[in-house]
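Trainee: Sharing a model that was predicted from the sequence below.
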Amino acid sequence: LVTYKMLDGNAAAVEAIKLAKVGVVSSYPITPQSPIAEGLSKLVKDGELEAKYIRVESEHSAMSAAIGAQLSGVRTGTATASVGLALMHEVLGVASGCRVPIVMPVVNRALVSPWSLWCDHQDTMAERDTGWLQFYCENVQDVLDLMIMAYKVAEHEEVLLPAMVCLDGFFLSHSVQ
């Protein structure tokens, strides 16, 4: 018997992080990624994900906490978008330099000037040289599949690099498929 679940891209990322059985979630909400932070918080609160949820004060802190957890051997979950990713810039290089296999969904959104909430890949393109693997999703199924695959690839002993799974803000993050 085959069952189907209708999910939007954010919910697919949450489902994948749950299936990956992360032990620490450190996140900070930012549009259009906020439902990922909220979904992970609810899973931990409801006992559906046995993890420590760390409510941080910024995206910089979210990545710093994820790095610390990964360095202690705990699989982590976090997510971001747009200027949140830009705020993480300083510590993205630490993650790749320490070869910690963090997997992070990034809900692509334009950076500022002009101010925009629309989908744009300039947030992840600005980070292309930080040593992170980047996977781009075509549809919601890709979000789920690439998140799970990214954990396997990132954690492979011959890779050991962090990975971004990039999904188009509003087009995939909020579209149900």
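Mentor: All right, it came through fine. Computed from a prediction, not measured in an experiment: that's the story for all the values here.

Trainee: contacts, neighbours, all on C-alpha from now
Mentor: Will do.

Trainee: Kindly give the local confidence score, pLDDT, for Trp115.
Mentor: Trp115 carries a pLDDT value of 79.

Trainee: pretty sure it is in a strand, no?
Mentor: No: Trp115 sits outside any strand when classified using DSSP: H, G, I helix; E, B strand; the rest coil, being coil.

Trainee: how close does it get to Lys18?
Mentor: 33 Å (C-alpha to C-alpha, to the nearest Å).

Trainee: dump the residue contacts of the closest residue to Lys21 other than its chain neighbours.
Mentor: Nearest residue to Lys21 in three dimensions, chain neighbours excluded: Leu49, at 7.0 Å (C-alpha to C-alpha, 6 or more residues apart in numbering). Neighbouring residues of Leu49 by C-alpha atoms under 8 Å, 6 or more residues apart in numbering: Lys18, Lys21, Val22, Leu43.

Trainee: host element of the first one?
Mentor: The reference is to Lys18. helix 9-19 (DSSP states H and E).

Trainee: Can you pull out the low-pLDDT segments for the chain?
Mentor: Nowhere does the chain drop to pLDDT under 70.

Trainee: Helices of that one, start to end?
Mentor: Taking DSSP state H, the helices of the chain run over residues 9-19, 34-45, 59-71, 82-97, 122-125, 140-155.

Trainee: Can you give the contact residues for stretch 14-31?
Mentor: Against stretch 14-31 from outside (C-alpha under 8 Å, 6+ apart): 34-40, 49-59, 62-63, 65-66, 69, 74-81, 84, 117, 144-145, 147-148, 151.

Trainee: where's Ala126 relative to His174, distance?
Mentor: 24 Å.
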